[in-house]
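>>> turn this into a structure:
(one chain, ligands or ions: 2)
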Amino acid sequence: MRNKPLPSGEVVLFPGEKRSPQATKTTPIIRLRNVTKSFNSGATRIEALNDISLDIHRGVIFGVIGLSGAGKSTLIRCINMLEKPDCGEIEVAGQQMTRLSESELMVARRRIGMIFQHFNLLSSRTVAGNVAFPLEIAGFDKRSIRARVRELLELVGLADRADAYPTQLSGGQKQRVGIARALANEPDVLLSDEATSALDPETTLQVLHLLRDISRRMGLTIVMITHEMGVIREICDQVAVIDGGRLVEVGDTARVFTRPQSPVTRRLLRGQMEAEIPAELLKRETHPGCKLVKLSFLGEVAEKPVMAELVRHVAVTPNILYGRIDRLQDRPWGTLIVELAGEPEDVEKGLLYLKNVGVDVDVLGNGNTNANHSASQGR
Ligand SMILES: Nc1ncnc2c1ncn2[C@@H]1O[C@H](COP(=O)(O)OP(=O)(O)OP(=O)(O)O)[C@@H](O)[C@H]1O
Ligand SMILES: [Mg+2]
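Ligands and ions are numbered 1, 2, ... in the order given. Model (predicted):
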């Protein structure tokens, strides 16, 4: 079981899955190296971040999840140096943030947009005035500000509310203004700290899809802090899990959902599909000569008659005990719990066949050699 910080930036790909084109670019846009941050609270010292190393690649929507107090906000505030780490290195778009002077930091922060749970809009300014604000600070002339504000409000679907005041807007509309304002200076990176936590589920989805579309269209890197796995599942390409200021897991969202490594991740996944498989099935004793396996089908392979083909190619009998189909981002994701019966070598051939066609195979019982497997960890 892996329950300690992983080597920085390690990303485990789902079998058969291809890395998104953005994620294959080599130089990360955000690099954290051994970042540590503590606070003094009265007589006690709180280690908010402990030796965090992380790589985030350009164009990726990167989720950071953890329980309350895990250190998520501290982490995101270190990226734009609103919090200064005690030690460690933070690089954003090629700049060593920890080595910049205050005035250099002010300029560097223009390349890093941020959105917040409670929107942080200026109530005395209109929608257009809020979006114009960072452009005014950056010293643009009035005409280009007007043109840019119009463009941004169109992007977030609020062109017709330019003259409204924040109190006249719904939560979702306020967050759209927050997004437009954060994008005003064409940032390399958008940081989002619980940006949908104050919104109802439907508005949350609309805002998440807007962020995803903007990211895909502009190649914008987004770091999403959240305590909800649903947010990660909906739009994040990759996810890091932090607990007690430590990085406990990092990887592609599909892998983290199908094969969570740390107990904290499994706890956060409760209520999501992974944890809804009846526990007694995962612990089921298998008959001699059988193997109990969890099969995950993601993307194209979820639409193919894989089990029928398995039986045609290999002398095994699959007994399907459980099945469901969900969606992970916009891809179908099937899960089957199957008992595979046959001669031991045929069962092995069957497992190999499944892996080769792109199914993720997790052996749950009988002859299990997977030290990480979920049932053995007393989920
Ligand atoms: N300015 C501060 N002074 C003292 N302690 C702080 C400060 N900021 C954060 N902390 C402490 O650091 C730890 C991490 O806090 P942080 O706000 O990063 O957590 P979080 O994961 O964002 O939590 P939440 O989900 O509740 O927002 C907590 O124990 C918190 O009390
Ligand atoms: Mg927080």
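>>> how many residues are close by D200?
Applying other C-beta atoms under 10 Å, we find 12 residues neighbouring D200. From N, CA and C alone the C-beta is placed, and that goes for glycine too.
>>> then N120?
Around N120 there are 13 other residues, counting by other C-beta under 10 Å.
>>> relative to ligand 1, how far out is V361?
As judged by C-beta to the nearest ligand atom, to the nearest Å, V361 and ligand 1 stand 34 Å apart.
>>> now do the helix or strand harbouring that residue: which elements does it pack against?
Assigned by DSSP states H and E, V361 falls within strand 360-365. Where contact means 3 or more C-beta pairs under 8 Å, 6 or more residues apart in numbering; DSSP states H and E, strand 360-365 is packed against strand 290-298, helix 344-356.
>>> what is the end-to-end distance of stretch 292-311?
Distance between the two ends of stretch 292-311: 16 Å, counting by C-alpha to C-alpha, to the nearest Å.
>>> mind starting the numbering at 20 from now?
Done: numbering now begins at 20, and the last item shifts to stretch 311-330.
>>> which residues touch it?
33, 35-36, 273, 277, 296, 301, 303, 305, 335-337, 339, 344, 347, 350-359, 369-370, 372-373, 376-385, 393 (C-beta atoms under 8 Å, 6 or more residues apart in numbering).
>>> any weak-confidence spans in this structure?
20-45, 290-296, 384-398 (pLDDT under 70).
>>> show me where it has strands.
47-60, 63-76, 80-84, 106-111, 114-115, 131-135, 208-212, 240-245, 257-262, 265-271, 309-317, 336-347, 350-360, 379-384 (DSSP state E).
>>> Serialize those to a markdown table and add fields for distance to I156 and mean neighbour count.
Putting the strands of the chain into a markdown table (distance: least, C-beta to C-beta, whole Å; neighbours: other C-beta atoms under 10 Å) gives the following:
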| stretch | distance to I156 | mean neighbour count |
| --- | --- | --- |
| strand 47-60 | 23 | 17 |
| strand 63-76 | 26 | 19 |
| strand 80-84 | 27 | 27 |
| strand 106-111 | 19 | 18 |
| strand 114-115 | 19 | 14 |
| strand 131-135 | 13 | 23 |
| strand 208-212 | 18 | 23 |
| strand 240-245 | 23 | 25 |
| strand 257-262 | 31 | 26 |
| strand 265-271 | 34 | 23 |
| strand 309-317 | 44 | 24 |
| strand 336-347 | 40 | 15 |
| strand 350-360 | 41 | 20 |
| strand 379-384 | 49 | 20 |
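>>> which residues does the residue nearest to the spatial centre of the chain form a beta bridge with?
By C-alpha atoms, centre = their mean, the chain has its centre lying nearest to G82, at 2.8 Å. With DSSP bridges as the criterion, G82 is bridged to M243, V258.
>>> so it touches E247, yeah?
No: contact criterion C-beta atoms under 8 Å: G82 and E247 do not qualify, at 9.6 Å.
>>> residues of the protein that sit close to ligand 1?
58, 60, 65, 67, 85, 87-93, 246 (C-beta under 6 Å from any ligand atom).
>>> quick one: strands adjacent to the strand holding V380?
Under the criterion DSSP bridges, strand 379-384 sits next to strand 309-317 (antiparallel) in its sheet.
>>> quick check: angle from the strand it pairs with to strand 350-360?
If you take axes from the mean of the first three to the mean of the last three C-alpha atoms, to 10 degrees, strand 309-317 sits at 170 degrees to strand 350-360.
>>> in the stretch 170-319 of the chain, what residue is nearest ligand 1?
Residue of the stretch 170-319 of the chain nearest ligand 1, by C-beta to the nearest ligand atom: H246 (5.2 Å).
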